[in-house]
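Asks: coords below, sequence missing:
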């Protein structure tokens, strides 16, 4: 069964298409990521799934049903624009949000305590939300999203603003939930996170789907003509080597895409004379490279500068 | 429904706990006490001089009432105002000339001329040597005016019903009630406005909306704050009842002369109408404030939009004097039927002179219909606006929002 089926949805605001003819399916018990540069239409798509924005066209089915108010109980939603009531105490705030999800009394309190402990926030239970750091607030928001053990969890940019420790914690919890059979869909424009945990991806650019499918399968399609080079020295000559199609320099290492039928061995020969090569790896392209390839150089720059 | 209850509970608890609520709730009765006690004290502490007032009463009805009304006593127990009736004679001009002379000769402190058409809008004249002398010594002409209005009106009613009723202090209390209604509608409206803006600017709203509909959130907020209002009113009301019942006995213990002062009583129907008009006014303005809150990003932006709305509440306050003077003029009737003015002006008319029930019913009906319309409009704006950030929407965009849903 599919946890979510989106069929040909479109939404425009005036002359501007936010989402155009978008379709995708998310099998139950998988982690699905919605990728795309800023303004691609990810949040609009998610808001349409959540019935916050009504699509102009198309169908959305959640857990084999049409979305309605009663479905909200089976969904956990972490919006991109998120915050807390600044003057409420953390414990009360979570209790309020849990009540809205249909939890009650002792059951709700036990779950709140469990999650606060899990996120190392027990000491903050009686503090006002405005006293918490942004990262802590984000963890509280996440607790509110999953406290009612939803079947489908929708996270819009869940990692933004989290430090590496908390990013790992969140990632672990997401994988745990997947193991329990929950379905997770999250949006991001940070590729490392996607590569770590996603089963399937959907890449959106300028309101339209560019690429969709199983992550491993997509990478295989791109073939093994990418080289990750760890180096010391001046690499400015590399882009002008005839075999090289594209480069992406990170200062200490470089991702190089070769032209079809080129032999990595030839490239290595040319490199060793001029720079110090610490590592030379032939591999599938990173998702980042695919992203940039698909979305285009100009779009990608917007993303990086963000 | 349970979700709305959760929202109501949250709103209620969050506000009732604030310092502002606690201070306001305590300050209310203090002001009320001052309002009741101070006039009594002022009357009996500062004055020790008898004033002789001549009265020419062409209606032949008001003198008796006025005499009864101005029955305050001096410390030695004699009357503070000694009213002397001058039976009207054929040549009114001559009579008034004569009285003018007496005032100048200080045989009289002042005199009052009551024309026959006083209840149809005619003006009584108050003549004294120092009309503009408001140092608290003399009888304030405005006060006489205040006394005279309800007196002249009630006498008519009294003759019809054959019952006598004291309505003098009622007038002041009515004024007070209308003012409380005005203050609280604005005050609670602002709380709604700030609450909506806080939800929006703190970005908590979309998290909340993942569990309920925008309308449920808006309704819960407005109802929760209404519950706060009723709590505050209940506390004030209890205090008010206690004050009117016991304050006199407490005050007379210290100022025995105060026993002459009648505690104002208010007919219970006024209270019922007060509650009706407060509820209607609150929901009418509350939903508008909620709608405005959803359109803006911060309180500064909100104030520009709130201004014209608040004007709808200020205008009737400015019109109060006019309506009091001629409560049954066609302009007063029309104004009090306009839904945005009705809570204040119709209540005022009810206090001053009970209008025909058909008019009251019409104003309440119009008010309720307008409120329902405003709820419908606000809900449409709210459901889109609450999730829109950035530039404040133009009028055209708001119209477009209303078509989305």
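Replies: All right, it came through fine. Predicted model, so just to flag it, every value in this text is computed and none were measured.
Asks: any bit of stretch B:10-27 sitting next to chain A?
Replies: Yes - against chain A, stretch B:10-27 shows contacts by C-beta under 8 Å from any C-beta of the partner chain at B:10, B:14. C-beta here means a position set from N, CA and C on the backbone, and glycine is covered the same way.
Asks: List the buried residues for that stretch?
Replies: Neighbour counts over stretch B:10-27 (16 or more other C-beta atoms under 10 Å in any protein chain shown) mark B:10-12, B:14-15, B:21, B:25 as buried.
Asks: swap in stretch B:385-402?
Replies: Of the residues in stretch B:385-402, those buried (16+ other C-beta under 10 Å) are B:385-388, B:392-393, B:397-398, B:401-402.
Asks: can you map out the helices along the stretch 151-300 of chain B?
Replies: Secondary structure of the stretch 151-300 of chain B by DSSP state H, counting those that start in this stretch: the helices cover B:168-201, B:205-209, B:214-254, B:268-295, B:299-325.
Asks: Please apply the same query to the stretch 301-405 of chain B.
Replies: In the stretch 301-405 of chain B, the segments counted as helices under DSSP H, counting those that start in this stretch are B:330-337, B:342-352, B:357-385, B:395-404.
Asks: Which positions in the first one come out as buried?
Replies: So the one you mean is helix B:330-337. Neighbour-count burial for helix B:330-337 [16+ other C-beta under 10 Å]: B:332-333, B:335-337.
Asks: what packs against that helix?
Replies: On a contact count with 3 or more C-beta pairs under 8 Å, 6 or more residues apart in numbering or on different chains; DSSP states H and E, helix B:330-337 meets helix B:299-325, helix B:342-352, helix B:357-385.
Asks: Output those helices in CSV; the columns should cover mean pLDDT.
Replies: Output for the helices and strands packed on helix B:330-337, formatted as CSV (pLDDT from 0 to 100):
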stretch, mean pLDDT
helix B:299-325, 87
helix B:342-352, 89
helix B:357-385, 93
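Asks: What is the nearest of the buried residues of helix B:330-337 to residue B:276?
Replies: The closest of the buried residues of helix B:330-337 to residue B:276 turns out to be residue B:336 (C-beta to C-beta; 13.8 Å).
Asks: didn't the closest one look like it was pressed against residue B:349?
Replies: Yes - the pair residue B:336 / residue B:349 is scored as a contact, 5.3 Å apart, by C-beta atoms under 8 Å.
Asks: Need the residues touching each of the two.
Replies: Here residue B:336 and residue B:349 share the contacting residues B:323, B:355, scored by C-beta atoms under 8 Å, 6 or more residues apart in numbering or on different chains.
Asks: Not counting sequence-adjacent ones, nearest residue to the residue in chain A that chain B sits nearest to?
Replies: In chain A, no residue comes nearer to chain B than residue A:83, which is 3.2 Å away by C-beta to the nearest C-beta. Of all residues not flanking residue A:83 in the chain, residue B:203 sits nearest, at 3.2 Å (C-beta to C-beta, 6 or more residues apart in numbering or on different chains).
Asks: tell me the contacts of the one you found?
Replies: Under the criterion of C-beta under 8 Å, 6+ apart, the neighbours of residue B:203 are A:79, A:81-83.
Asks: just residue A:24 next, same as before
Replies: Neighbour list for residue A:24: A:4, A:6, A:32, A:202, A:209, A:212 [criterion: C-beta under 8 Å, 6+ apart].
Asks: If the fourth one is in a bridge, with which residues?
Replies: By that I understand residue A:202. residue A:34, residue A:212 (DSSP bridges).
Asks: neighbours of it, just the number please.
Replies: By the criterion of other C-beta atoms under 10 Å in any protein chain shown, residue A:202 has 25 neighbours.
Asks: who are the neighbours in contact with residue A:204?
Replies: Contacts of residue A:204 were listed using C-beta under 8 Å, 6+ apart, and they are A:19, A:22, A:34-36, A:40-42, A:45, A:210.
Asks: Quickly note the distance from residue A:218 to residue A:199.
Replies: Remark: distance between residue A:218 and residue A:199 (C-beta to C-beta, to the nearest Å) = 11 Å.
Asks: oh sorry, the question was meant for residue B:333
Replies: 73 Å.
Asks: and of the buried residues of helix B:330-337, the nearest to chain A?
Replies: Nearest to chain A among the buried residues of helix B:330-337, with distances taken as C-beta to the nearest C-beta, is residue B:337, at 39.0 Å.
Asks: Spatially nearest residue to the closest one (excluding sequence neighbours)?
Replies: residue B:363 (5.0 Å).
Asks: With residue A:127 instead?
Replies: The shortest distance from residue A:127 to any non-neighbouring residue, by C-beta to C-beta, 6+ apart, is to residue A:90 (6.0 Å).
Asks: Go ahead and confirm that neighbour touches residue A:126.
Replies: Yes - between residue A:90 and residue A:126 there is a contact at 7.3 Å, judged by C-beta under 8 Å.
Asks: Neighbour count for those two, which is higher?
Replies: Using other C-beta under 10 Å as the criterion, residue A:90 and residue A:126 rank with residue A:90 on top: 25 against 10.
Asks: what's near enough to touch residue B:378?
Replies: Counting by C-beta under 8 Å, 6+ apart, residue B:378 touches B:218, B:287-288, B:290-291, B:294.
Asks: From chain A, how far out is it?
Replies: According to C-beta to the nearest C-beta, to the nearest Å, residue B:378 stands 18 Å off from chain A.
Asks: what does the model give the residue lying closest to that residue once chain neighbours are set aside for pLDDT?
Replies: In space, and not counting its chain neighbours, residue B:378 is closest to residue B:291: 3.4 Å by C-beta to C-beta, 6+ apart. Note for residue B:291: predicted pLDDT of 94.
Asks: What count of nearby residues applies to residue B:291?
Replies: The number of residues packed near residue B:291 is 26, by other C-beta under 10 Å.
Asks: So it is in contact with residue B:384, correct?
Replies: No - using C-beta under 8 Å, residue B:291 is not in contact with residue B:384; the gap is 10.7 Å.
Asks: which stretch of helix or strand covers residue A:9?
Replies: Taking DSSP states H and E as the criterion, residue A:9 maps to strand A:2-13.
Asks: Please say whether there is contact between that strand and chain B.
Replies: No - judged by C-beta under 8 Å from any C-beta, strand A:2-13 and chain B are separated, with a smallest distance of 9.3 Å.
Asks: Next, the angle from that strand to helix B:395-404.
Replies: Calculated by axes from the mean of the first three to the mean of the last three C-alpha atoms, to 10 degrees, strand A:2-13 forms an angle of 150 degrees with helix B:395-404.
Asks: How confident was the prediction at residue B:192?
Replies: Residue B:192 carries a pLDDT score of 95 in this model.
Asks: tell me, how many neighbours does it end up with?
Replies: Residues within reach of residue B:192, counting by other C-beta under 10 Å, total 26.
Asks: so who does it touch?
Replies: Residue B:192 is in contact with B:221-222, B:225, B:286, B:289-290, B:293, counting by C-beta under 8 Å, 6+ apart.
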